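Q: sequence first, then the predicted structure, then my questions.
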Amino acid sequence: MVQRVRKAVLPVAGLGTRFLPATKVIPKEMIPVIDKPVVQYAIEEARAAGIEEFIFVSAYGKESITQHFSPAPGLERQLEEKGKTAELALVRGATLSTIHTVIQENPLGLGHAVWCAWPLVGDEPFAVILPDDMVLSQTPCLKQLIEAHAKVGGHVVAVEDVPREQTNRYGILDVLSDDGKLAKAKGLVEKPAPETAPSTLAIIGRYVLDPIVFGELDKKTKGAGGEIQLTDGLNRTIDRVPFHGLRFEGRRYDCGTHVGFVEANLAFGLARPEMAAKLRPLVKNLLEMK
């Protein structure tokens, strides 16, 4: 029987240099899409998937992330006194009961960030969520992964086909078998050149992982860019545990880029019935402007 996934690791230690000067004092994960920080969407997705414990791999100066998810008794009291029940519910709804934070002292790559969470994860399967990747879907993306993991075990990651010229931006699967929904991999390659990429099936920022990967990450082996790559660590475990890529239902928006961030705001705004009717003519007018 496959052990239930209860914990999620959220690597949030990055500097967010692409979004300077906004990120000079505000963590990039705290920049809002509509009215919620990007990281809150990730937390809500995880909660909806049954995650109970949240582990932030953070950096000094980014304390506002955990503060956002901590109780705010002063604010709650003021809202209650003013009868702002809807706003009070929003504030309380963002509070997490089980938060852990570990500091990544040096930015040594995603694999190193995940390794930092090892003492808090322990010897059980766990999720990894990269908040920059927002997914709009009927069923939460992480829930889809956890359901697939319950059937096949091992490592299960969210994947999507990307243009071949973009393979050098992603971890790419070397596919052994593929039923159109779930692809079993015989290997992984981190950021391969388009001409050498074994496929165009790319890993995006959602993972459900077997704890066996920690032993590989503990070796501190450096890969692409001189960093400790999570993809490399996973690749070295494929001979011991299965690795599957799930073509998830939904659409991903890369909020780590300016265009992706704007696109996410539009997409998530249009997904809200109370905003959609007003947004559509505004977008049309903008497109018609000379």
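A: It's in. Numbering: from 1, shown residues only.

Q: mind checking how far the residue nearest to residue 269 when sequence neighbours are not counted is from residue 136?
A: Sequence neighbours aside, residue 275 is the residue nearest to residue 269 in space, at 4.8 Å (criterion: C-beta to C-beta, 6 or more residues apart in numbering). All C-beta atoms are positioned from the backbone trio N, CA, C, and that covers glycine. Using C-beta to C-beta, to the nearest Å, residue 275 is found at 14 Å from residue 136.

Q: how about residue 54?
A: Distance from residue 54 to residue 136, by C-beta to C-beta: 21 Å.

Q: the two: which is more packed in?
A: residue 54 (24 against 15; other C-beta atoms under 10 Å).

Q: which residues touch the helix or strand the more buried one falls within?
A: Counting by DSSP states H and E, the element that carries residue 54 is strand 53-58. Contacts to strand 53-58, defined as C-beta atoms under 8 Å, 6 or more residues apart in numbering, come from residues 6-13, 43, 46, 65-66, 69, 96, 98-104, 113-114, 116-117, 120-121.

Q: next structured bit after that strand?
A: helix 63-68.

Q: packing partners of that following helix?
A: helix 38-48, strand 53-58 (3 or more C-beta pairs under 8 Å, 6 or more residues apart in numbering; DSSP states H and E).

Q: ok, which of those comes nearest residue 282?
A: helix 38-48 (22.3 Å; C-beta to C-beta).

Q: summarise which helices and strands that closest one is packed against.
A: Helix 38-48 packs on strand 7-11, helix 63-68, strand 126-129, strand 133-136, helix 141-152, going by 3+ C-beta pairs under 8 Å, 6+ apart.

Q: chain center to that helix: distance?
A: 9 Å (C-alpha atoms, centre = their mean, to the nearest Å).

Q: so that helix versus strand 53-58, what angle?
A: 160 degrees (axes from the mean of the first three to the mean of the last three C-alpha atoms, to 10 degrees).

Q: can you give me the strands in the stretch 101-250 of the chain?
A: 126-129, 133-136, 155-161, 171-178, 182-190, 201-209, 243-247 (DSSP state E, counting those that start in this stretch).

Q: direction included, what does the second one pair up with?
A: Meaning strand 133-136. Strand 133-136 has its sheet partners listed here by DSSP bridges as strand 251-254 (antiparallel).

Q: repeat for the first one
A: Applying DSSP bridges, strand 126-129 is found paired with strand 7-11 (parallel), strand 201-209 (antiparallel).

Q: burial measure for residue 145, as a count.
A: Neighbours around residue 145, by other C-beta under 10 Å: 22.

Q: surely it touches residue 155?
A: No. At 10.0 Å, residue 145 does not count as touching residue 155 under the criterion of C-beta atoms under 8 Å.

Q: shared neighbours, the two?
A: 207, 208.

Q: and the residue nearest the centre of this structure?
A: Centroid-nearest residue in the chain: residue 130, 2.3 Å away (criterion: C-alpha atoms, centre = their mean).

Q: that one and residue 207: what is the separation?
A: Taking C-beta to C-beta as the measure, residue 130 falls 9 Å from residue 207.

Q: if we can go back for a sec, pick the most buried one from the strands of the stretch 101-250 of the chain.
A: Ranked by mean neighbour count, the strands of the stretch 101-250 of the chain are led by strand 126-129 with a mean of 26 (mean count of other C-beta atoms under 10 Å).

Q: who's in contact with that one?
A: 5-11, 42, 45-46, 49, 51, 114, 117, 142, 145-146, 205-209, 211, 230.
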